[in-house]
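Engineer: Let's see this in three dimensions:
(chains A and B)
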Number of protein chains: 2
Amino acid sequence: MQTASADDAKGLAVVAFIDQLRAAREKNQSLLCVGLDVDPRLAPPHVVNRDDWITEFNRGIIEATQDLVCAYKPNLAFYESQGNAGWQALKATVEMVSDEVPVIADAKRGDIGNTAEAYASALFDFFKFDAATVSPYLGEDSLTPFLEREDRGILVLCKTSNPGSGDLQDVLCLAADDRMIPLWELVAERVVSWNTRGNCGMVVGATYPAILERIRAIAPEMPLLIPGIGPQAGDLQASVTAGMPQDASLIMINASRQVLYASRGEDWREAARATALELRDSINQACAGVMEIM
Amino acid sequence: MQTASADDAKGLAVVAFIDQLRAAREKNQSLLCVGLDVDPRLAPPHVVNRDDWITEFNRGIIEATQDLVCAYKPNLAFYESQGNAGWQALKATVEMVSDEVPVIADAKRGDIGNTAEAYASALFDFFKFDAATVSPYLGEDSLTPFLEREDRGILVLCKTSNPGSGDLQDVLCLAADDRMIPLWELVAERVVSWNTRGNCGMVVGATYPAILERIRAIAPEMPLLIPGIGPQAGDLQASVTAGMPQDASLIMINASRQVLYASRGEDWREAARATALELRDSINQACAGVMEIM
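Structural biologist: Numbering: from 1, shown residues only, chains lettered A, B, ... in the order given. Below is the predicted model of the structure:
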């Protein structure tokens, strides 16, 4: 996984996502990724009333939690639904996070040829995200423009946390050697084969710990982004146990609404910090139950 | 397929996508969809030099072709890669198309729960697209916020036109009744079952006419968006023959670069019109070879 540092378009030395993630984990003693899913219906009303509320809300959350996380993960849907203001606030948000903490675009993009190139350019050159989530449905060539960016993290959807994820992902498929395996397992094997530059990871929901354990066995050294604890009710201890790699820097446990909307009052920043701290410590405690890592 | 007209958020009567598509086909005698994939490397340099070039380029293309198409289809990747200017130009572009011609967001979105809702809201409420492409990988519940918009067209990726589409889409899967069928076929069957509001369609590449024919058999009355003629070298006659439904209003043959970048000189609008006219007539001729429709 140790990708070398690469030079970005400006000629500046940039740190590979995986190294940045490890450094943030080390510095903040944290495997918590905070999902910056801004929602005007859930944020404190006195903040939402401001013109530039998305940027200011994120600034408050980031300032309150930046020393407690290993990564941030804005989901682009929430910004797109806020129109031009959302789009501009997303760019401002990526910029305001310290260089020491990686920012993951939860974009789930997947398109072909020159279109995939344009998406990679939007996420990595315009917004300057350190990593992005992508969908595997269109195949390897659709991901090439992402995979080629060896300093960025490419997190491929494998088994998602939603109840309907089984509609396609659990269907049994004919794999090499005549094995019948679920589609998520076939995807995990494909991602391992696509990972020639060591910059891939996978997204695996906390809601399916047994599947998480199997995916970890297929990809022992790949970073796994694990959403679905909290409102989606995944079991934290089970997820940590199942997802734990040899080196614990390689899981990111995501929480979004729990942290962001811990309070809708004047104390929203303090409440977000308290929740993030509690989650960070719970994750570390769950890790300690598996092995000594921190 | 005959969905009733619904009222949008403003209380205005809106025409369902499928009716709008049929009316545009009828009026313009066309099954041609023009993909508005703006690319500064391919557009006429004297246009790209302008500050608001994306909007002005699209205005030129739309004015030159609006009476020759059944739909427009901007792919969001190209707008996102142009930053804030691209985002704003995309909104201006959707607005400048006549209400008589539907505009399809080629977005290939797919996410879960409240995130999927936010994407649907971005595309249908903020941008006011008439239809959108979506990815099936996350399952039915991920598409619910789209499927519920019964006046909009929901075009699900089934078999894409790229060479790597087979990586997952061609894998043999165990379907109901112990049949072993490719994943694209399983997806086509799922989409038929998800189509309870009659607003679904599918995306099927022109590069695989035999697959197109099979999908048409599974979904005889569903609109099919067919990209992949032209630079991707799909065979127009084979695609039309394979995709032809009982009622020819239900295929959209997409062309993008061929039309948009027919000339990089001062005559770019005229060249785009000439190419669109030629394509429209070729498609109609291919149709005439199958059945009398126009």
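Engineer: Direction included, what does the helix or strand hosting A:Leu155 pair against?
Structural biologist: Element membership of A:Leu155, judged by DSSP states H and E, is strand A:153-159. Applying DSSP bridges, strand A:153-159 is found paired with strand A:131-134 (parallel), strand A:200-204 (parallel).
Engineer: continuing past the first one, what's the next helix or strand?
Structural biologist: Counting by DSSP H and E, the element after strand A:131-134 in chain order, helix or strand, is helix A:140-147.
Engineer: What are the contacting residues of that next one?
Structural biologist: A:110-113, A:116-117, A:119-121, A:132, A:134, A:136, A:152, A:154, A:156, A:190, A:194, A:196-197, A:199-200, B:160, B:162-164, B:167 (Cβ atoms under 8 Å, 6 or more residues apart in numbering or on different chains). C-beta: built from backbone N, CA, C; applies to glycine.
Engineer: which of those count as buried?
Structural biologist: When the contacts of helix A:140-147 are checked for burial by 16 or more other Cβ atoms under 10 Å in any protein chain shown, the buried set is A:110-113, A:116-117, A:119-121, A:132, A:134, A:136, A:152, A:154, A:156, A:190, A:194, A:199-200, B:160, B:162, B:164, B:167.
Engineer: can you give me the angle the strand holding A:Leu155 makes with helix A:140-147?
Structural biologist: For strand A:153-159 against helix A:140-147, the angle by axes from the mean of the first three to the mean of the last three Cα atoms, to 10 degrees is 140 degrees.
Engineer: what's the next helix or strand after strand A:153-159 packed up against?
Structural biologist: Sequence order places helix A:166-169 as the next helix or strand after strand A:153-159, per DSSP H and E. Helices and strands touching helix A:166-169, by 3 or more Cβ pairs under 8 Å, 6 or more residues apart in numbering or on different chains; DSSP states H and E, are helix A:183-194, helix B:183-194.
Engineer: Can you name every helix or strand that the longest helix along chain A contacts?
Structural biologist: Under DSSP state H, the helix in chain A containing the largest number of residues is helix A:268-288. Judged by 3+ Cβ pairs under 8 Å, 6+ apart, the packing partners of helix A:268-288 are strand A:32-34, helix A:53-65, helix A:236-243, strand A:251-255, helix A:257-260.
Engineer: Off-centre distance for whichever helix or strand comes after the longest one?
Structural biologist: Toward the C-terminal end, the helix or strand that comes next after helix A:53-65 (DSSP H and E) is strand A:71-72. The gap between the average C-alpha position of strand A:71-72 and the chain average comes to 7 Å, counting by Cα atoms, centre = their mean, to the nearest Å.
Engineer: Run through who's touching strand A:71-72.
Structural biologist: For strand A:71-72, the external contacting residues (Cβ under 8 Å, 6+ apart) are A:21, A:24, A:33-36, A:62, A:97, A:101-104, A:131, A:252.
Engineer: Among those residues, which one lies nearest to chain B?
Structural biologist: Chain B lies nearest to A:Gly35 out of the contacts of strand A:71-72, by Cβ to the nearest Cβ, at 9.6 Å.
Engineer: Low-confidence bits of the stretch 151-294 of chain A, can you list those?
Structural biologist: Residue ranges of the stretch 151-294 of chain A with pLDDT under 70: A:231-234, A:245-249, A:291-294.
Engineer: Give the closest residue to A:Ala131 in space, chain neighbours not counted.
Structural biologist: Of all residues not flanking A:Ala131 in the chain, A:Gly153 sits nearest, at 3.0 Å (Cβ to Cβ, 6 or more residues apart in numbering or on different chains).
Engineer: Count residues in the vicinity of that neighbour, would you?
Structural biologist: 27 (other Cβ atoms under 10 Å in any protein chain shown).
Engineer: correct me, but it touches A:Pro102?
Structural biologist: Yes - between A:Gly153 and A:Pro102 there is a contact at 7.2 Å, judged by Cβ atoms under 8 Å.
Engineer: related to what we said a few turns ago, let's have the helices and strands packed on helix A:166-169 in JSON lines, adding distance to A:Ala288.
Structural biologist: Shown next, in JSON lines, are the helices and strands packed on helix A:166-169 (distance: least, Cβ to Cβ, whole Å):
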{"stretch": "helix A:183-194", "distance to A:Ala288": "27"}
{"stretch": "helix B:183-194", "distance to A:Ala288": "41"}
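Engineer: among those, which is nearest B:Ser81?
Structural biologist: For these, the distance to B:Ser81 is smallest for helix A:183-194, at 22.7 Å, taking Cβ to Cβ.
Engineer: With B:Gly139 as the reference, measure out to A:Pro163.
Structural biologist: The gap separating A:Pro163 from B:Gly139 is 8 Å, by Cβ to Cβ, to the nearest Å.
Engineer: how about the residues of the stretch 1-150 of chain A near chain B?
Structural biologist: A:37, A:39, A:75, A:77-78, A:80-84, A:87-88, A:91, A:106, A:108-116, A:118-119, A:121-123, A:125-126, A:135-142 (Cβ under 8 Å from any Cβ of the partner chain).
Engineer: just the buried members of those?
Structural biologist: A:37, A:39, A:75, A:77-78, A:80-83, A:87-88, A:91, A:106, A:108-116, A:118-119, A:121-123, A:126, A:135-142.
Engineer: Which ones among those map onto helices?
Structural biologist: Counting by DSSP H, these place A:77-78, A:80, A:83, A:87-88, A:91, A:113-116, A:118-119, A:121, A:140-142 in helices.
Engineer: Can you tell me how far the most far-flung residue of chain A relative to its centre is from B:Gln169?
Structural biologist: Residue farthest from the centre of chain A, counting by Cα atoms, centre = their mean, is A:Asp178 at 33.3 Å. A:Asp178 sits at a distance of 20 Å from B:Gln169 (criterion: Cβ to Cβ).
Engineer: Also A:Val48?
Structural biologist: Using Cβ to Cβ, we find A:Val48 at a distance of 42 Å from B:Gln169.
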